[in-house]
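**Q** Structure for the following, please:
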Amino acid sequence: MFSWRNDASVGTQPPAAVDNVSITSTGGPSNDAPCNAFPIPPLSPAGLYLPGSNICGTNADEPAPPGCWTNSGGAAQVNTVWYRFRAPASGCVKIRTERGSLYDTQIALYTRSPLTGVVPCGSGNTLTYVTCNDNRGSCGFSSYLNSEITQSGLAVGYDYYIAVDGKNGDLGSFTLFIMDGGYRLCQSISSYSRSLISFAKYCMFKQYIRT
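**A** Numbers count the residues shown, from 1 in each chain. Down below sits the predicted model:
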């Protein structure tokens with residue numbers, strides 16, 4: 001936030017002189033720590049799109065970055081923001097980032113003990129790691145810099161946490177997509193074998209279930 005006032009403390013000439021300039025930080029994202037994770041409404045197969053930004057995010061009061069993330073500059077490059085959802089009856093979710101000004105994302109999924117309720121502030125590092133992703137899987141000649149997790153076997157009715165960050169300290173806005181995967185998403189691919197269908201058809205099938 002930028003503010004100023006002209007109280008003539010340095011004179012009145014020229015008439016448009018500006019003095020007493022101050023710059024005040026408005027702080028980081030409201031969901032900068034697990035205890036302040038944005039609560040996601042109940043999931044459905046239609047999915048939800050949630051806006052986000054990791055600008056001015058920090059790495060305070062949270063677990064160490066997972067192994068699949070890349071932050072060559074160390075902890076100083078970690079600028080995570082957090083979301084919290086309750087596992088649907090299917091025990092299956094798909095989570096994906098859609099790029100905005102944050103071009104190269106990385107995400108991770110965590111849970112806690114006990115499995116319900118908000119993790120207390122000051123205890124963010126007690127979350128239990130589940131899985132992570134840097135870049136969504138490539139298919140054929142197509143590769144992606146956004147991130148995607150499809151996770152089954154979640155404890156129904158229990159709370160899970162999503163961390164979103166930018167690779168190597170990248171900052172910016174993004175959209176988080178999350179859906180109840182149901183049977184269709186988490187088990188459809190496993191019913192097919194790459195050895196039974198051509199790679200091209202497999203890629204087409206994967207692209208279909210992403211939507």
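**Q** which ones are touching the residue nearest in space to the middle of the chain?
**A** Centroid-nearest residue in the chain: residue 164, 2.6 Å away (criterion: CA atoms, centre = their mean). When contacts are counted by CB atoms under 8 Å, 6 or more residues apart in numbering, residue 164 touches 52, 54, 80-83, 97, 105-107, 147, 174, 176. (Each C-beta comes from the backbone N, C-alpha and C, glycine too.)
**Q** One more: residue 128?
**A** Residue 128 is in contact with 110-113, counting by CB under 8 Å, 6+ apart.
**Q** and it, what are its bridge partners?
**A** Counting by DSSP bridges, residue 128 is bridged to residue 111.
**Q** One more: the one 5 residues further on?
**A** Under the criterion DSSP bridges, residue 133 forms beta bridges with residue 107.
**Q** What score does it have for pLDDT?
**A** Predicted confidence (pLDDT) for residue 133: 93.
**Q** thought it was touching residue 147?
**A** Yes: contact criterion CB atoms under 8 Å: residue 133 and residue 147 qualify, at 4.7 Å.
**Q** In terms of neighbours, single out the busier of the two.
**A** Shown here are residue 133 and residue 147; by other CB atoms under 10 Å, residue 147 has more neighbours (27 against 23).
**Q** Verify the stated contact: that one with residue 103.
**A** No: using CB under 8 Å as the test, residue 147 is too far from residue 103 to be in contact (11.6 Å).
**Q** now the strands: where do they sit in the protein?
**A** All strands of the chain, identified by DSSP state E, fall at 2-5, 19-23, 38-39, 48-53, 81-86, 93-99, 105-111, 128-133, 148-151, 159-166, 173-180.
**Q** Out of those, which is closest to residue 64?
**A** Nearest of the strands of the chain to residue 64, taken as CB to CB: strand 128-133 at 9.1 Å.
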